[in-house]
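K.L.:
Predicted model and sequence below, questions to follow.
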Amino acid sequence: MLAPYQGADTGRSVFQLLVTAGGFFGLWYVMLRSLEISYALTLLLALPTAGFLIRLFMIQHDLGHGSFFRSRRASSLLGHWIGVLTMFPYDYWRKTHAYHHAHSGDLDLRGFGDIVTLTVDEYTERSRSERLAYRIYRNPLVLFGVGALWHVVLKQRYPKDVPRSWKQAWRSIWLTNLCIAGVAGTMVATIGWQRLLLVHGPVVAVACSVGVWLFYVQHQFENTYWERKPEWDFYDAALKGSSHLVLSAPFRWITASIGLHHVHHLSPRIPNYRLTKCLESHPELQSVTRVTLRSSWALTRLHLWDGEAGRLIGFRALASRPFTPVS
């Protein structure tokens with residue numbers, strides 16, 4: 001059913017790349033010049049600039065799935081250089097993200113390439129300090145703020161959870177770090193470190209926060225899907241464990257239709273510019289969990305998987321139970 005939508009249209013992909021890269025670099029230059037007028041204007045311009053950086057990451061995402069270009073070599077080369085901008089080493093990210101797709105919703109294989117989610121039993125069995133650490137981790141100010149910056153800016157430079165046997169991933173990590181250092185050094189030499197931070201700092205901060213939020217709402221909702229083998233099923237995980245994030249046309253364009261996440265998980269080989277057509281052509285794909293910008297904030301109050309109820313619950317719901325050690 002989905003096969004006709006799979007595969008890249010090279011001309012369309014190239015056009016999308018040129019528009020997105022042109023928008024990002026053009027706005028970045030306007031931000032730099034705006035420092036001479038008002039820093040408030042610079043900060044205002046950081047919002048659309050971050051949007052184009054997010055869209056570049058979505059192109060990198062499609063490259064990693066082999067849905068943007070037919071050539072794997074071209075995908076790797078472009079993915080690497082976009083990774084220098086997004087600060088995600090291409091081969092490392094591609095491998096961990098493939099793991100996420102292969103095991104999304106699998107309770108036996110969590111915590112690698114996804115938002116860490118504990119079950120009720122796992123949480124209650126942990127020590128007080130471990131429960132506190134998990135609460136801090138799941139706090140929105142941490143998850144979408146300092147945690148998002150740490151994950152992108154620092155963790156990607158040396159991800160300690162990567163096995164040493166992943167030699168290609170490690171080469172990608174060190175090569176990306178080297179290129180980031182080279183680009184940053186060149187920028188410091190030409191415009192100065194102060195102006196570099198004043199311009200690029202807010203762009204990275206906004207992009208990181210929105211990026212982690214997008215990933216969060218795609219799988220963290222009340223009636224999501226978690227199962228253990230052998231009951232776990234790939235197609236159920238895609239349709240029941242991935243949301244349809246409903247966005248207006250401009251935000252849909254900026255995020256490259258990644259809000260149609262259930263369609264993407266069913267078939268990662270579909271490029272972003274065919275996801276909407278695929279959804280519209282198949283009514284059976286439209287009866288999934290829909291999330292809006294307004295309803296998404298409530299999802300941040302869900303923290304634990306309750307296997308007995310088959311849904312995510314919050315810390316308050318757990319605290320109301322007489323048997324729980326939560327204070």
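P.N.:
Sure thing, it's come through.

K.L.:
Val183 versus Val212, what's the distance?
P.N.:
As judged by CB to CB, to the nearest Å, Val212 and Val183 stand 23 Å apart. (C-beta placed from N, C-alpha, C; glycine too.)

K.L.:
oh sorry, the question was meant for His219
P.N.:
33 Å.

K.L.:
One more: Gly201?
P.N.:
For Gly201, the distance to Val183 equals 15 Å [CB to CB].

K.L.:
Now Tyr225: closest residue in space that isn't a chain neighbour?
P.N.:
Take Tyr225 and drop its neighbours on the chain: the residue closest to it by CB to CB, 6 or more residues apart in numbering is Gly241, 3.2 Å away.

K.L.:
Next, count neighbours for that neighbour.
P.N.:
25 (other CB atoms under 10 Å).

K.L.:
what sits against it?
P.N.:
For Gly241, the contacting residues are 104-105, 219, 224-226, 265, by CB atoms under 8 Å, 6 or more residues apart in numbering.

K.L.:
how about the closest residue to Ala237 other than its chain neighbours, what does it touch?
P.N.:
Spatial nearest neighbour of Ala237, chain neighbours left out: Gly105 (3.6 Å); criterion: CB to CB, 6+ apart. By CB under 8 Å, 6+ apart, the residues touching Gly105 are 219, 224-227, 232, 236-237, 240-241.

K.L.:
would you list these in JSON lines and tack on pLDDT?
P.N.:
Listed next are those as JSON lines, based on pLDDT from 0 to 100:
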{"residue": "His219", "pLDDT": "95"}
{"residue": "Thr224", "pLDDT": "96"}
{"residue": "Tyr225", "pLDDT": "96"}
{"residue": "Trp226", "pLDDT": "96"}
{"residue": "Glu227", "pLDDT": "95"}
{"residue": "Trp232", "pLDDT": "96"}
{"residue": "Asp236", "pLDDT": "95"}
{"residue": "Ala237", "pLDDT": "95"}
{"residue": "Lys240", "pLDDT": "95"}
{"residue": "Gly241", "pLDDT": "95"}
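
K.L.:
Give the ChimeraX command for selecting the buried subset of those residues.
P.N.:
Buried subset of those, written as a ChimeraX selection, criterion 16 or more other CB atoms under 10 Å:
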select :219,224,225,226,227,232,237,240,241
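
K.L.:
out of Val212 and Val183, which sits in the more crowded spot?
P.N.:
Val212 (19 against 13).

K.L.:
Could you pull out the buried residues of the host helix or strand of the more buried one?
P.N.:
Element membership of Val212 [criterion: DSSP states H and E] is helix 193-219. For helix 193-219, a neighbour-count test (16+ other CB under 10 Å) marks 195, 198-200, 202-219 as buried.

K.L.:
Ok, stretch 5-18 next?
P.N.:
Buried positions in stretch 5-18, judged by neighbour count with 16+ other CB under 10 Å: 5, 8, 13, 16-17.

K.L.:
relative to helix 193-219, how tilted is the strand or helix carrying His101?
P.N.:
Per DSSP H and E, His101 falls inside helix 90-103. Angle of helix 90-103 versus helix 193-219, following axes from the mean of the first three to the mean of the last three CA atoms, to 10 degrees, is 20 degrees.

K.L.:
what's in contact with stretch 172-186?
P.N.:
Contacts for stretch 172-186 (CB under 8 Å, 6+ apart): 80-81, 83-84, 87-92, 156-159, 162, 196.
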